[in-house]
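Colleague: what follows is a predicted structure for the sequence shown.
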Amino acid sequence: MLHAHLPFVRHPEYSKFIEEDWLNEAINECYLPLLRMFHKLRDEGVPFRLVFSISPTLNFMLRDPLLKERFLTYLNSRIELGEKEVVRTKNSPLENETARFYLNNAKENLNFYNNTCGTDILSAFNNLSNSGHLELITTTATHAYLPIYKNHPIAVNAQIETGIMSHAHTIDKELRGFWLPECGYYPGLETLLKRHQIEYTSVASHSFFLSRDFIKNGSYMPVKTPSGVHFFARDYRLTSLIWSATEGYPADEDYRDFYRDIGYDLPIEYIKDYIADPSYRVFTGFKYHAITGKTPDKRLYDISRANKKTEIHANNFLYNIISTGRSVEGNLDEDPIYTLSFDAELFGHWWFEGPSWLEKVIRLCAEKEDVRLTTPTEYIRSHSKIQTAQPAFSSWGKRGYSEVWVDNSSNSWLCKYTIKATEWMSELATRFPNQTSLKKRFLSQAARECLLAMASDWPFIMNNHTTEEYAKYRITAHLQNFYLVYDNMCKNAVNTEWLVTSERQNNIFPDLDYNIFNQNYLAHPSPVYTTDFSM
Amino acid sequence: MKLININRLSDSELKYMAEQEGIEDADSLDRTELIENLEEIYGGDASELDVDKKFVKTLIAKETETDALPGVRPLPDKFNDNEIQTILQDSAWAYVIWHISHATKEKILRNENVKIILRVIALKENNKKEESYQVEVGIDDTTWNIEFPWKGRNYEITLNAEIDGVLTTLATSPIETIPNVYVEDHPEILRNPETYKVLSSSLITNGGEYLAVDEVKQILSGNLT
């Protein structure tokens, strides 16, 4: 399972905005390389099945005309910089080979984006879904970490339902699975998933081990809750082969170093035309050094050497899967299934060789008789005897629960505001149901701002102290926007200047109906999801 | 993780495993040495793990000065109602947030001998009160970390003003359930080596590092076979 997500970042009020490059980098380094690899494997007839989760914020940004136009500008600038780099590195064979690789990669991405995708990346995902190679799923509207809102089911449902709506309007096939942001689960959440006909989700490794029930097959088989939703527990040991900072494959000394980048190494005059703001150095994506080890003296990156390592690591991964199977053989009800879930952005951005490694793993699985890639849907369809049990509260965050998002220092203060916003949004929707015209737009924009304030990304960033100021700005702005509507509605007023500006800026989920927050909403049946491509 | 039946594996299987585990000169090792080396790897110390390797950790932001939209105001420091909310941080601790309205605060501060008390109440199955403990907090506090000490119970927290020894409840939190953990309550389950292997092997890395969840570590390390 690969989960692709980026927070909603869109700043039409600026001609260039550094944080919008988060999306550009992810498309260029992760999504397009992965899609090209999947299409190549399919064209060669290599059988595979994967689950690919696309968050609603990413889904929207991939289709937004402004961001698409800005991505093309970004990609063309990578090609231009690549051409300069091929000339600059002509006397250094290893660097030159890497520069040519970057240039070709950007050109192939551009070709794939224009000609195969028709500038619509979701169409390429749909294509793979329709051929049965990818099972596309989604997650909550703005990637809200749900255990924080456990006592506010209206808000949790609004996140789930808006996410599913967004998916249904853009993805051809019926939704069966649902990604829980950060694998954040609490007992009882399944009733809201079931309300939307969700058949399965994935939880953290210890969710089964710490269950109140005896889950006899450990995480080697799924369980279903009494409500009928199936849960697949992530295999910590196998996924650690990739995630571990020290033991994991991506830390291998022959792989490309992420941090050495010409954006920091070369004179600003040389790179200024290829970054959003010449006064501020950023990564360009052109990196020429290998990890080497814990030393500042990095050796030059050697593509062929790294490529050989991906082969060794792909073999090693399969070896570990098979040896795990051997170690539990005879002690399970049936053959084990391993739930391997990762952030999609790991592949290509942070772990440059990730897509190549994944391609080799897929090819090896196709060759071997005793290992097969499958999806939860396929598993559920072919297995009738699945143990009924209740997974435990858990997440895949540090120490296994919620302390990354409620950390007692950098981000806990947000909770009183976000929780109050969800309560007051529910109050507004209940006090002013079924409004029309300007008030409807005003209330729906409040619902949009409320959902955006619930995003897990901002507290996560604050906890990690990475792009903290921007995270604080974003969450504060959404909360202030929401409270403006609340104050105005309490005075039966509409601030039209704010409304017009806010609708233009935070334009996600254009068909969102604020009535979804009405306190009585859950008493009604869930909506029927239809395809109309407007959301 | 421990491999079962390592002694039953063929020499070529052992050599292949040794290569995959990065053992140098695996070809030159005899069977006993191969097994010793492999057992050492499976039982060896693990290095620190970082499971938070996220895209956003590698991103760059400029901290651009961005104007607020027309008409917005700073976030309020406090909210004007009596309310208490709980957010579970892990399986035993909750982050508790409360508000006391201006009117209530004004009223209770008219008295000299005032305390603000959080009362943590463990409930029986029928939600009848069973055991409780209290935490005194400051009049201007709005958050606290509260422990739910017993598993298999429901809890509620009340926000109270104690005036001259008389407790008045201002707000009551939603009920939080702290369920039992089966393998903790039935340690005999994990004493069976086969069951231990099935339940634990996906939670321990090749280097022997437990998943970094305190309860998992405690339960597994207390039941090592």
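Modeller: Perfect, thanks for sending it.
Colleague: tell me which element B:Ile157 is part of?
Modeller: strand B:153-163 (DSSP states H and E).
Colleague: so what touches that strand?
Modeller: Residues outside strand B:153-163 that contact it (Cβ atoms under 8 Å, 6 or more residues apart in numbering or on different chains): B:82, B:84, B:86, B:94, B:96, B:98, B:100, B:104, B:108, B:111, B:113-125, B:127, B:130, B:146, B:148, B:167-178. Quick note: C-beta positions are derived from backbone N, CA and C, even for glycine.
Colleague: figure out how far that strand is from the centre of its chain.
Modeller: Offset of strand B:153-163 from its chain centre (Cα atoms, centre = their mean, to the nearest Å): 23 Å.
Colleague: mind listing what's buried along it?
Modeller: Neighbour counts over strand B:153-163 (16 or more other Cβ atoms under 10 Å in any protein chain shown) mark B:153-163 as buried.
Colleague: buried subset of the contacts of strand B:153-163?
Modeller: Buried among the contacts of strand B:153-163 (16+ other Cβ under 10 Å): B:82, B:84, B:86, B:94, B:96, B:98, B:100, B:104, B:108, B:115-123, B:146, B:148, B:170-173, B:176-178.
Colleague: who touches A:Asp333 in this structure?
Modeller: A:216-217, A:221, A:385.
Colleague: if you set the cut-off to 6 Å instead, what comes out?
Modeller: Applying Cβ atoms under 6 Å, 6 or more residues apart in numbering or on different chains, we find A:Asp333 in contact with A:Asn217.
Colleague: could you look up the SS state of it?
Modeller: Secondary structure, DSSP: H, G, I helix; E, B strand; the rest coil: A:Asp333 is coil.
Colleague: sorry, back to before: narrow the buried ones among the contacts of strand B:153-163 to those in helices?
Modeller: If you go by DSSP state H, those have B:104, B:108 in helices.
Colleague: mind checking which of the buried ones among the contacts of strand B:153-163 are in strands?
Modeller: Residues of the buried ones among the contacts of strand B:153-163 located in strands (DSSP state E): B:84, B:86, B:94, B:96, B:98, B:115-123, B:146, B:170-172, B:176-178.
Colleague: just to revisit the earlier point, how about the buried residues of strand B:153-163, which pair is most distant?
Modeller: Maximum pairwise distance among these (Cβ to Cβ): 29.5 Å, between B:Arg153 and B:Ile163.
Colleague: relative to B:Ala122, how far out is B:Thr172?
Modeller: Separation of B:Thr172 from B:Ala122 (Cβ to Cβ, to the nearest Å) stands at 14 Å.
Colleague: kindly apply the preceding question to A:Gly285 instead.
Modeller: 55 Å.
Colleague: then A:Thr119?
Modeller: 59 Å.
Colleague: what of B:Ile108?
Modeller: For B:Ile108 relative to B:Ala122 (Cβ to Cβ), the value is 27 Å.
Colleague: just A:Gly118 next, same as before
Modeller: 60 Å.
Colleague: cool, and A:Asp511?
Modeller: From A:Asp511 to B:Ala122 the distance is 46 Å (Cβ to Cβ).
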